[in-house]
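Visitor: fold the following, please.
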Amino acid sequence: MYSGFERSTGVALHPGSEEYLDSEKYQCGAGRVGGTLDPLVRRCNEIRRASAVFRRVDNITFVDTANDHLVAYVKGRGRDAVITCVNLDAHNFAEGLAVVPNELDLPDRFDVVDFLSGDTHTWRVGGNYLRLPPGGAHVLARR
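Guide: All right, here's what the predicted structure looks like:
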């Protein structure tokens with residue numbers, strides 16, 4: 001995660017190149033996010049460290065969102081499921097349905113808390129309405 005690196009400090013190897021003159025992939029150094037993304041990155045790392053479902057890579061189910069600007073996935077199953085929904089459009093609100101499939105061992109209706117905002121919602125197996133602001137997200141866990 002660069003938070004503007006490409007726009008401000010990266011010098012292309014040659015015009016139009018995606019490789020940088022002094023590519024960091026060949027360097028070892030301490031990184032720092034900083035800027036307006038710092039609180040969000042800090043919170044996402046806290047969520048990731050606190051939940052065991054994020055320690056595995058074989059427990060992810062991408063779900064249909066009925067909107068190409070929304071991505072949603074479920075990590076884990078049943079009681080431990082965490083639903084993440086993200087608006088990929090940095091300039092516009094996006095709305096659609098996140099369709100939670102039956103095979104995730106979730107009850108027909110269940111309450112969730114958003115780890116990013118603290119808000120609570122009732123979700124269900126099947127379609128769940130989403131409206132996210134530009135670049136917005138939900139990280140939802142069962143209560």
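Visitor: for Tyr73, helix, strand, or coil?
Guide: strand (DSSP: H, G, I helix; E, B strand; the rest coil).
Visitor: dump the residue contacts of it.
Guide: 60-63, 83-84 (Cβ atoms under 8 Å, 6 or more residues apart in numbering). For the C-beta atoms, the positions are set from N, CA and C on the backbone; glycine is no exception.
Visitor: next: Val86.
Guide: Contacts of Val86 (Cβ under 8 Å, 6+ apart): 70-72, 132, 136-137.
Visitor: pLDDT at the closest residue to Trp123 other than its chain neighbours, what is it?
Guide: In space, Trp123 comes closest to Val112 once its chain neighbours are excluded; the distance is 5.3 Å by Cβ to Cβ, 6 or more residues apart in numbering. Here, the pLDDT recorded for Val112 equals 97.
Visitor: I'd say Val112 and Ile83 touch.
Guide: Yes. Between Val112 and Ile83 there is a contact under Cβ atoms under 8 Å: 6.9 Å.
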